[in-house]
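A.B. asks: Sharing a sequence plus its predicted fold:
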Amino acid sequence: MTDMVCVGAVAGAYGVRGEVRLKSFTADAEAIADYAPLQTEDGMREFGVSVTRAIKNGLVARLTGVSTKEDADALKGVRLYVPRDRLPDLPDDEFYYADLIGLEVRDTGGTVLGHVKSVQNHGAADLLEIHGPDLKSTVLLPFTHEVVPTIDMEAARIIADPPEGLF
C-alpha cells in the first residue's frame, strides 16, 4: 500500500482569473475539497481547494497560490495527492484502486495469471488490467464479484474465475 493516494489532476486553466479545471478521482467528485491540502507527487507544493462549480468532465476550482491564468496553465497535468491516512476506512468488500495495483492474480486452480497493472473504468464497470510474462498483451478482467470472488490483501493476491478464453 502506498503512503500517498492520487485524488485528482489539474486539466488546465478555466478562464482568466486563476481557476483550474480539476478532474476528481473521489467517489463524490466535489468531496475532493474535503481532503485538502492536496500535494503534488513530489510533495514540493501544497494546495488548498475550493470547488466553485461542476462542469462537463470535471470541476472548476480555486487552488491556493494560483491567481492567474498563467499559474493555472503551468499546473496542467499535475496530479494531486493526499496522505493515505486522510482517506476514510472502507467496508470489507471495497478497495482503493491504488491498493489493487501490483497484486498477484491467480485463477481458482492456483495458476498465476499475472499482476494488476492498473484499474480502469470507462463508464460501465471497473476493469483490472492484468499483465504477466506469459501474456502477449495486457488483459482486461472485469472487476465483479463473479469474476473476482476473493481479494486477499494480507497475501497480496487476487483469486479470479475469468470467463472462458480470456487468458
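C.D. replies: That came through, no problem.

A.B. asks: pLDDT weak spots in this protein?
C.D. replies: For the chain, the stretches with pLDDT under 70 are 1-2.

A.B. asks: how about the helices in it?
C.D. replies: Along the chain, the segments classed as helices by DSSP state H run 69-74, 97-100.

A.B. asks: Contacts made by the shortest one with the rest, please.
C.D. replies: If I follow you right, that is helix 97-100. 1-2, 5-6, 116, 119, 128, 151, 153, 158 (CB atoms under 8 Å, 6 or more residues apart in numbering). (Glycine included, C-beta is placed from N, CA and C.)

A.B. asks: switch to 10 Å and redo it
C.D. replies: Residues outside helix 97-100 that contact it (CB atoms under 10 Å, 6 or more residues apart in numbering) are 1-2, 4-6, 25, 81, 84, 87, 90, 116, 118-121, 126, 128, 143, 148, 151, 153, 156, 158.

A.B. asks: Mind checking which of those residues are in strands?
C.D. replies: Counting by DSSP state E, those place 4-6, 81, 116, 118-121, 126, 128, 151, 158 in strands.

A.B. asks: Those, buried ones only, as a ChimeraX selection?
C.D. replies: Entered in ChimeraX, the line below selects the buried ones among the ones in strands among the contacts of helix 97-100, by 16 or more other CB atoms under 10 Å:
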select :4,5,81,116,119,126,128,151,158
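
A.B. asks: nearest to Glu41, of the ones in strands among the contacts of helix 97-100?
C.D. replies: Tyr81 (6.0 Å; CB to CB).

A.B. asks: Run a quick check on the closest one versus Val7, I expect a contact.
C.D. replies: Yes - between Tyr81 and Val7 a contact is recorded at 6.7 Å, counting by CB atoms under 10 Å.

A.B. asks: shared neighbours, the two?
C.D. replies: Common neighbours of Tyr81 and Val7 (criterion: CB under 10 Å, 6+ apart): 35, 38.

A.B. asks: quick check: domain ranges of the protein?
C.D. replies: Residue ranges for the domains of the chain, per automatic domain parsing: 4-86, 97-160.

A.B. asks: now the end-to-end length of the last one.
C.D. replies: End-to-end distance for domain 97-160, by CA to CA, to the nearest Å: 17 Å.

A.B. asks: again with stretch 17-34
C.D. replies: Separation of the first and last residues of stretch 17-34 by CA to CA is 23 Å.

A.B. asks: Fine by me, we can end here.
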